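K.L.:
Here's my sequence, what's the structure:
(chains A and B)
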Amino acid sequence: MDAQISAGDTAWILVCCSLVLLMTPALAFFYGGMVRRKNVLSTLTLSYIFMSLIGVQWIFFGYSLSFGPDIGGLIGGLNFAGFKGVGAAPNTAYSATIPHQLFAAFQMMFAVITPALITGAFVERVKFKSFLLFSLLWATLVYDPLCHWVWGQGGWLREMGVLDFAGGTVVHIAAGFSALAFALVIGPRKGYGKVPIEPNNIPLTVLGTGLLWVGWFGFNAGSALGANGVAVNALVTTNTSAAAAGLVWMILSWLDGRPSTLGIATGMVVGLAAVTPASGYVTPLAAMAIGAVAAPICYYAIRFRDRRKLDESLDVWACHGMSSIWGTLAAGLFATVTVNTGGANGLFFGNPNQFGIQMIAVIVTIAFSFGVTYVLAKVLDMSIGLRVSPMEEEVGLDISSHGERSYS
Amino acid sequence: MLKKIEAIIREDKVNDVMCALKEIGIVGMNMFEVRGHGRQGGVQLVGRAGTYQVNMLPKIQINIVLNDRNLEAALEAILTSAYTGETGDGIIFVTPVEDVIRVRTRERGPTAMMYPGDIDEKRNK
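P.N.:
Numbering: from 1, shown residues only, chains lettered A, B, ... in the order given. All right, here's what the predicted structure looks like:
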């Protein structure tokens, strides 16, 4: 039964699995640089803890709910709970040339980073206990079902023919709109809008950006699930979109004063998030358009959010949600079977129907992730409380939640 | 009589001011990083998307305790070397000091503030 396993594909996905794992520490530092110095450890922990939390949840039941045998197009069965039967033999429904266990491990890294993305919404004020409970519930009630709908065998959006190569809907739109919902419930940080809240260490954020870009090659090119032409194309489109978005963001920032380092880094991440759903279906030139258009969308989304005095603190909604809405719709415009015979043609290649399917997937993802997160956050807020006390917030979460400080 | 100078100056003028003070023989001082603002109010910085206002600006405060007779020379050195003519050049406070005690020798008062090669020795040469 191991006869069909390809050593090349297996080696490549093993590498990609590690690259995607690296993105969670990268994200931790990306976020950690942008908060105030009294909340750096807290912010790092909010991301890092998912390597443990989901590392356990995924083995127990997360993988099975996402990729187990389909139940009504809505959820996976518990047949793979505890990774039972998830071994060296391939699961031909997902990837015929690599061990099933490798596919499951690779998908785990996506399940780890997605809830970590949301933490940007509530840094510097969330109560750690409530956050842990929310995260476990979110992974189980939002991520796992959504993942099944879009990527699971028999999932209803997958059956409809949605194109989401590496997680525009499942990862970025879901995280972005969940972040928005959570921010609305928890409310702004103390002093937000009255006193300047400055990033404590932009170099950390810049370092995080670099590591994210590297890790994203595993995220997108690895989603080809093989060492092949589609993987190469995904790597090139990923790089191209990030490059274009970084340049356009630099210009936008320059027009507003100076070419900000934090701005350029943000633009790069926006380009990466935007191209994610389309990376395996579009040409490099299309990816350039995707990145270049994503930059102004997100730039002005941040400005819009800020004007509305909404403290979605690190702009998960503006940078991930908005960019990937565009990216997922763009897949419905620019996708072509000349890049990936397993994909479909988009609107510009004579298939307007695909654009409609993409639109449905976007709307469903927004409604589902925003709705469930809002209810979850509201219930937790009314029961055990989402926020630390004003005093704990003033002192900073490093001391008040974790009993230690970043710098002494 | 002893006086204390608290000179709050631009970060980028620290080296110029220290050189000017050393030049005239002021050898003892402390330096702090401080934040604050005067009439200037603050500056705009560029953020992720657009600009934002920062009110408390980083400055350097230099503290010097010295004998009355050397005060004007020290002030002149600071005023000349810290000057750019733009807003944000800083401010200087001068206050009387009750007493000074050197820990090693237990010397007190004005003599405690005299060092080999300092401004007084230079004047007497």
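
K.L.:
mind listing the helices for chain B?
P.N.:
Listed in chain order, the helices found in chain B under DSSP state H are B:14-24, B:71-81, B:119-124.

K.L.:
The stretch 251-400 of chain A now?
P.N.:
Counting by DSSP state H, counting those that start in this stretch, the segments of the stretch 251-400 of chain A that form helices are A:261-275, A:284-307, A:316, A:322-334, A:352-383, A:390-395, A:397-402.

K.L.:
For B:Met113, grab the count of nearby residues.
P.N.:
Each residue near B:Met113 was counted by other Cβ atoms under 10 Å in any protein chain shown, and the total is 21. (Each C-beta comes from the backbone N, C-alpha and C, glycine too.)

K.L.:
Quick check, A:Val150 in contact with A:Trp156.
P.N.:
No - taking contacts as Cβ atoms under 8 Å, A:Val150 lies outside contact range of A:Trp156: 9.2 Å.

K.L.:
Number of residues surrounding the one residue in the stretch 51-200 of chain A that gets nearest to chain B?
P.N.:
Of the stretch 51-200 of chain A, the residue with the smallest distance to chain B, taken as Cβ to the nearest Cβ, is A:Pro196 at 5.2 Å. Look at A:Pro196: counted by other Cβ under 10 Å, it has 14 neighbours.

K.L.:
Ok, B:Asn30 next?
P.N.:
B:Asn30 is flanked by 10 other residues according to other Cβ under 10 Å.

K.L.:
which ones are touching it?
P.N.:
For B:Asn30, the contacting residues are B:Ile62, B:Asn63, by Cβ atoms under 8 Å, 6 or more residues apart in numbering or on different chains.

K.L.:
hey, what's it bridged with?
P.N.:
Beta-bridge partners recorded for B:Asn30 (DSSP bridges): B:Asn63.

K.L.:
Grab the nearest non-local neighbour of A:Asn91.
P.N.:
If you skip the residues right next to it in sequence, A:Asn91 has A:His100 as its closest partner in space, 4.0 Å away by Cβ to Cβ, 6 or more residues apart in numbering or on different chains.

K.L.:
thinking again about what came up before, between A:Val150 and A:Trp156, which has more neighbouring residues?
P.N.:
Between A:Val150 and A:Trp156, counting by other Cβ under 10 Å, A:Val150 is the more crowded of the two (26 against 16).

K.L.:
Next one: the more buried one from A:Ala174, what distance?
P.N.:
10 Å (Cβ to Cβ, to the nearest Å).

K.L.:
cool, A:Val362 as well?
P.N.:
Using Cβ to Cβ, one gets 11 Å for the distance from A:Val362 to A:Ala174.

K.L.:
Settle it for me: which of these two has more neighbours?
P.N.:
In terms of neighbours (other Cβ under 10 Å), A:Ala174 is the more surrounded of A:Val362 and A:Ala174; the figures are 32 against 23.

K.L.:
Am I right that the more buried one is in a strand?
P.N.:
No - the assignment for A:Ala174, made by DSSP: H, G, I helix; E, B strand; the rest coil, is helix rather than a strand.

K.L.:
Next up, the contacts around it.
P.N.:
A:Ala174 is in contact with A:Thr114, A:Val142, A:Tyr143, A:Leu146, A:Thr365, A:Phe368, A:Ser369, counting by Cβ under 8 Å, 6+ apart.

K.L.:
again, only using 6 Å
P.N.:
Contact analysis of A:Ala174 by Cβ atoms under 6 Å, 6 or more residues apart in numbering or on different chains lists A:Leu146, A:Thr365, A:Ser369.

K.L.:
which residues does the residue lying closest to it once chain neighbours are set aside contact?
P.N.:
Closest residue in space to A:Ala174, ignoring its immediate chain neighbours: A:Ser369 at 4.1 Å, by Cβ to Cβ, 6+ apart. The contact partners of A:Ser369, by Cβ under 6 Å, 6+ apart, come to A:Val142, A:Ala174, A:Phe177, A:Ser178.

K.L.:
now the strands for the chain?
P.N.:
All of this is about chain A. In chain A, the segments counted as strands under DSSP state E are A:70-71, A:75-76.

K.L.:
was after chain B, sorry
P.N.:
When assigned using DSSP E, the strands of chain B occupy the ranges B:2-9, B:30-36, B:43-46, B:51-54, B:57-67, B:90-97.

K.L.:
Redo the ones you listed as a markdown table? Include mean pLDDT.
P.N.:
Converted to a markdown table, the strands of chain B look like this (pLDDT from 0 to 100):
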| stretch | mean pLDDT |
| --- | --- |
| strand B:2-9 | 96 |
| strand B:30-36 | 92 |
| strand B:43-46 | 85 |
| strand B:51-54 | 86 |
| strand B:57-67 | 94 |
| strand B:90-97 | 96 |
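
K.L.:
any chance of those in a markdown table, plus distance to A:Leu137?
P.N.:
Formatted as a markdown table, the strands of chain B follow (distance: least, Cβ to Cβ, whole Å):
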| stretch | distance to A:Leu137 |
| --- | --- |
| strand B:2-9 | 52 |
| strand B:30-36 | 42 |
| strand B:43-46 | 39 |
| strand B:51-54 | 35 |
| strand B:57-67 | 44 |
| strand B:90-97 | 55 |
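
K.L.:
Quick one: name the residues of chain B near chain A.
P.N.:
By the rule Cβ under 6 Å from any Cβ of the partner chain, the part of chain B lying against chain A is B:Val46, B:Arg48, B:Ala49, B:Gly50, B:Thr51, B:Tyr52, B:Val54.

K.L.:
Please repeat the previous calculation with a cut-off of 8 Å.
P.N.:
If contacts are counted using Cβ under 8 Å from any Cβ of the partner chain, the residues of chain B sitting beside chain A are B:Gln44, B:Leu45, B:Val46, B:Gly47, B:Arg48, B:Ala49, B:Gly50, B:Thr51, B:Tyr52, B:Gln53, B:Val54, B:Asn55.

K.L.:
List buried residues within those.
P.N.:
Buried positions within those, assessed by neighbour count (16 or more other Cβ atoms under 10 Å in any protein chain shown), are B:Val46, B:Gly47, B:Arg48, B:Ala49, B:Gly50, B:Val54.

K.L.:
Pick out the most distant pair among those.
P.N.:
Of all pairs drawn from these, the greatest distance, 16.4 Å, lies between B:Ala49 and B:Val54 (Cβ to Cβ).

K.L.:
quick one, what contacts A:Pro25?
P.N.:
Applying Cβ under 8 Å, 6+ apart, one finds that A:Pro25 lies in contact with A:Ser47, A:Tyr48, A:Leu211.

K.L.:
circling back to that earlier point, thought the residue nearest to A:Asn91 was touching A:Ala89?
P.N.:
Yes - contact criterion Cβ under 8 Å: A:His100 and A:Ala89 qualify, at 6.1 Å.

K.L.:
Fine by me, we can end here.
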